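A.B. asks: Starting from these lines, generate the structure:
(chains A and B)
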Amino acid sequence: MIDLGETKTGTSTAGAALPRLLDARRRYLPVLATLALLALMYGLGAVNYEGFSDTQVLLNVLIDNAFLLVVAVGMTFVILTGGIDLSVGAVVALTTMISASLLEQRGWPPGVVLPLVLLIGAAFGFAMGCVIHFFEIQPFIATLAGMFLARGLCYVISTDSIPITDGFWTTMAQSKLRAGGFFVSTSVLIALVVVLGAAYVLAYTRLGRDVYAVGGSPQSALLMGLPVGRTRIAVYTISGFCSALGGVLLSFYMLSGYGLHATGLELDAIAAVVIGGTLLTGGSGYLFGTVLGVLVLGLIQTIITFQGNLSSWWTKIVIGVLLAAFILLQRAVSRRAS
Amino acid sequence: MTNLLRHRLFWPLAILALLLLGNLAFTPGFFSIQLRDGHLYGSLIDILRLSAPLVLVALGMTVVIATGGIDLSVGAVVAIAGALACLRISEQDNQQSVSVVLLAVGLALLGSLLLGLWNGFLVAAVGIQPIIATLILMVAGRGIAQLITGGQIITITSDPYRLIGAGYWLTLPFSVLIAVVVTAIAVTLTRRTALGLLIEAVGGNPRASRLAGIRSRRLIVSAYVFCGLCAGVAGLMISSNVSSADGNNAGLLIELDAILAVVIGGTALAGGRFSIAGTVLGAVIIKTLDTTIYTIGITPETTLLFKAVVVIVLCLAQSPAFRNRVFARRRHPDPPAPTASAPKLEVPA
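C.D. replies: Numbers count the residues shown, from 1 in each chain, chains lettered A, B, ... in the order given. Predicted coordinates for the structure are as follows:
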């Protein structure tokens, strides 16, 4: 009898250990899928197109998408809590517009403009976070209103594009960091610093833990005594700040402020986060995945450029297909886990 | 009097009346309607004609929102439907033939039906959140529309097709008549049959309604199909009005206007309660606002700013949390007044 009982418990623990191991692996499955996709895309590109495997091509993807990377980092925080931020593209445009207007039309020094626009972005996010938390308005609607507001403010400043000729901005636009024959722009360095900082916050700080907890289950987080409201407001503030910083990087890249800059950027950012394996319901995902997601989006564009006979609208279709594939994958993974 | 104030459509109607009167102050002949060449002309008719596509899209959106969902892909469906119809017509030798146009219209509607089915499948069968499920088509849809038009703006010269969006029939713009017919169908189906009740039940609590024996999945799929079809008809109107299909810009941001119209009309975004008359009013209000801004001479782009304010104010007004926080706090420090006196004070004013 005892033997029987022991073997029973023995088999059950052995039986439970395997799924537990698989469960632990399953958490990484979406990120691994993205990594595999990225490797596949790179491999296909390298085989099919001459010059594609040049390291500079990969670095160019980073240079062209540094601003998207920063915006997607902020979006990752928001989506991890189970929210969504539709205002990011509009805040990016507003940042380029305010920067251009203050620098060129008012002649303010860059040392004042730069912190000011970052502060405006963060304050914008903070305000939306407060509306979402205190008045219990769905994030989708609150940030939609934020999107209207920010784009509207762009056009109040000017309906035309304002070129930026400021010395600091042009220096930032032209400066290149060289190493061994390759180069990246300063923006890439800034974006990488943001990524590393954000990854540290998410993995090792109390705020990061709260973000995952709130996304996993707001009720449980509240019962555990975690500051749900503060966390929720914090992630929208971070997203607003990241959008403003992304706007600054875009204005380095474009050297202009324009109300139509970054239209649809919110979709690219959400797509990057989702393709990077972060669950849209919140609570699960890694910043590293978001970086991979941005690289996937960038590589799609690069492949379409190298192919030559495909037009830019294919980018949208491929992104849509990938988005569908990854959402279905997420659905399958989370359904099996629950 | 208080009953009138409490009626769901009172505030939307009041806003519309205010906007129209404001217009009268700027353009003296604003309310005049003339009969010219057997057609009715006038600013009010123009507003109705401009509202027709938005009314249709917002109608579909209302039904989807009533089931507790949302459809972000309507703008893309508008673009795809217009592109399909215009491509088909442009390929034919005789663009004036009615049968060619009817076939093209049928093709476009079939396309938008399939797109609605795809959304409904993702939401009801796969169980993805509606915002995300329809986001896929919102991203990919513009690409598909561009693919159909080959990245060009397809221009056609078909007179029968022009009738849909720019033509007149029985002195009224044909597009307005279509909108009225679709609205009538929607009202009949939802208010004269039990369908409306079932939709509200599903939106209120899909699990409970399934347990109560309602086929909620089938209802949800039909809601997205209806929404897709409405967007398709709106797409036909928009492309017919300019006799061309533009994959990139047709129906741009119309999903946001449609959601706004639904919210203005008093439909709760959380689902479970809807008002078709309110939505139609909401759509007309938005287009009147657009027209007002044009006539006053403010840059049209600042409409976004007004819309943002409207969205914020409406959502705050709908939010119970906001009412509790703002009004409950104010009541406490005040000397306790009899609650009945508050409405009495408002009546003479």
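A.B. asks: And the residue nearest to the spatial centre of chain A, how far from A:L295?
C.D. replies: The geometric centre of chain A, computed from its C-alpha atoms, lies nearest to A:A72 (C-alpha atoms, centre = their mean), at 1.2 Å. A:A72 sits 11 Å away from A:L295, going by C-beta to C-beta, to the nearest Å. (Glycine included, C-beta is placed from N, CA and C.)
A.B. asks: Looking only at the helix or strand harbouring the residue nearest to the centre of chain A, what residues are buried by neighbour count?
C.D. replies: Using DSSP states H and E, A:A72 sits within helix A:55-80. Across helix A:55-80, burial judged by 16 or more other C-beta atoms under 10 Å in any protein chain shown covers A:57-58, A:60-80.
A.B. asks: What of stretch A:320-338?
C.D. replies: Residues A:320, A:322-324, A:326-327, A:329-331, A:333-334 are the ones in stretch A:320-338 that count as buried (16+ other C-beta under 10 Å).
A.B. asks: of those, closest to B:R217?
C.D. replies: Comparing the buried residues of stretch A:320-338 against B:R217 with C-beta to C-beta places A:R331 closest, at 15.7 Å.
A.B. asks: what ranges do the helices span in chain A?
C.D. replies: A:2-26, A:29-48, A:55-80, A:88-100, A:110-134, A:139-157, A:167-174, A:186-204, A:206-216, A:218-223, A:228-254, A:265-275, A:287-307, A:313-337 (DSSP state H).
A.B. asks: Can you convert these into JSON lines and add a column each for distance to B:L147 and mean pLDDT?
C.D. replies: JSON lines is the format used below for the helices of chain A (distance: least, C-beta to C-beta, whole Å; pLDDT from 0 to 100):
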{"stretch": "helix A:2-26", "distance to B:L147": "36", "mean pLDDT": "50"}
{"stretch": "helix A:29-48", "distance to B:L147": "21", "mean pLDDT": "87"}
{"stretch": "helix A:55-80", "distance to B:L147": "24", "mean pLDDT": "93"}
{"stretch": "helix A:88-100", "distance to B:L147": "23", "mean pLDDT": "95"}
{"stretch": "helix A:110-134", "distance to B:L147": "35", "mean pLDDT": "94"}
{"stretch": "helix A:139-157", "distance to B:L147": "27", "mean pLDDT": "88"}
{"stretch": "helix A:167-174", "distance to B:L147": "34", "mean pLDDT": "87"}
{"stretch": "helix A:186-204", "distance to B:L147": "32", "mean pLDDT": "94"}
{"stretch": "helix A:206-216", "distance to B:L147": "36", "mean pLDDT": "92"}
{"stretch": "helix A:218-223", "distance to B:L147": "41", "mean pLDDT": "88"}
{"stretch": "helix A:228-254", "distance to B:L147": "28", "mean pLDDT": "94"}
{"stretch": "helix A:265-275", "distance to B:L147": "18", "mean pLDDT": "90"}
{"stretch": "helix A:287-307", "distance to B:L147": "13", "mean pLDDT": "90"}
{"stretch": "helix A:313-337", "distance to B:L147": "6", "mean pLDDT": "80"}
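A.B. asks: Turn those helices into JSON lines, columns for distance to chain B.
C.D. replies: Shown next, in JSON lines, are the helices of chain A (distance: least, C-beta to the nearest C-beta, whole Å):
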{"stretch": "helix A:2-26", "distance to chain B": "18"}
{"stretch": "helix A:29-48", "distance to chain B": "14"}
{"stretch": "helix A:55-80", "distance to chain B": "10"}
{"stretch": "helix A:88-100", "distance to chain B": "9"}
{"stretch": "helix A:110-134", "distance to chain B": "7"}
{"stretch": "helix A:139-157", "distance to chain B": "3"}
{"stretch": "helix A:167-174", "distance to chain B": "25"}
{"stretch": "helix A:186-204", "distance to chain B": "22"}
{"stretch": "helix A:206-216", "distance to chain B": "14"}
{"stretch": "helix A:218-223", "distance to chain B": "15"}
{"stretch": "helix A:228-254", "distance to chain B": "12"}
{"stretch": "helix A:265-275", "distance to chain B": "5"}
{"stretch": "helix A:287-307", "distance to chain B": "11"}
{"stretch": "helix A:313-337", "distance to chain B": "2"}
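A.B. asks: Please identify the most buried of these.
C.D. replies: helix A:88-100 (a mean of 30; mean count of other C-beta atoms under 10 Å in any protein chain shown).
A.B. asks: That one to helix A:167-174, inter-axis angle?
C.D. replies: 130 degrees (axes from the mean of the first three to the mean of the last three C-alpha atoms, to 10 degrees).
A.B. asks: what angle separates helix A:88-100 from helix A:110-134?
C.D. replies: Using the same axes, to 10 degrees: helix A:88-100 against helix A:110-134 is 150 degrees.
A.B. asks: Output helix A:88-100 as CSV, restricted to C-alpha atoms.
C.D. replies: The C-alpha coordinates for helix A:88-100 follow below in CSV (Å, rounded to 0.1, in the frame of the first residue of the first chain):
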residue,chain,number,x,y,z
VAL,A,88,2.2,57.9,-29.4
GLY,A,89,2.3,58.9,-33.1
ALA,A,90,0.6,62.2,-32.4
VAL,A,91,2.9,63.0,-29.5
VAL,A,92,5.9,62.3,-31.7
ALA,A,93,4.5,64.7,-34.3
LEU,A,94,3.7,67.3,-31.6
THR,A,95,7.3,67.0,-30.3
THR,A,96,8.8,67.6,-33.7
MET,A,97,6.4,70.5,-34.2
ILE,A,98,7.1,72.2,-30.8
SER,A,99,10.9,71.7,-31.2
ALA,A,100,10.9,73.2,-34.7
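A.B. asks: Can you give the distance from that helix to the centre of its chain?
C.D. replies: 17 Å (C-alpha atoms, centre = their mean, to the nearest Å).
A.B. asks: With stretch A:258-276 instead?
C.D. replies: For stretch A:258-276 - counting by C-alpha atoms, centre = their mean - the centre lies 9 Å from the chain centre.
A.B. asks: repeat for stretch B:48-62
C.D. replies: 4 Å.
A.B. asks: Need the CA coordinates for that stretch. PDB is fine.
C.D. replies: Output of stretch B:48-62 as PDB, limited to C-alpha atoms (Å, rounded to 0.1, in the frame of the first residue of the first chain):
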ATOM      1  CA  LEU B  48     -27.000  65.400 -45.000                       C
ATOM      2  CA  ARG B  49     -25.200  64.400 -48.200                       C
ATOM      3  CA  LEU B  50     -21.800  64.600 -46.500                       C
ATOM      4  CA  SER B  51     -23.100  62.700 -43.400                       C
ATOM      5  CA  ALA B  52     -24.500  59.800 -45.400                       C
ATOM      6  CA  PRO B  53     -21.200  57.600 -45.500                       C
ATOM      7  CA  LEU B  54     -20.500  58.400 -41.800                       C
ATOM      8  CA  VAL B  55     -24.000  57.500 -40.800                       C
ATOM      9  CA  LEU B  56     -23.600  54.100 -42.500                       C
ATOM     10  CA  VAL B  57     -20.200  53.300 -40.900                       C
ATOM     11  CA  ALA B  58     -21.400  54.500 -37.500                       C
ATOM     12  CA  LEU B  59     -24.600  52.300 -37.800                       C
ATOM     13  CA  GLY B  60     -22.400  49.200 -38.200                       C
ATOM     14  CA  MET B  61     -20.100  50.400 -35.500                       C
ATOM     15  CA  THR B  62     -23.100  50.900 -33.100                       C
END
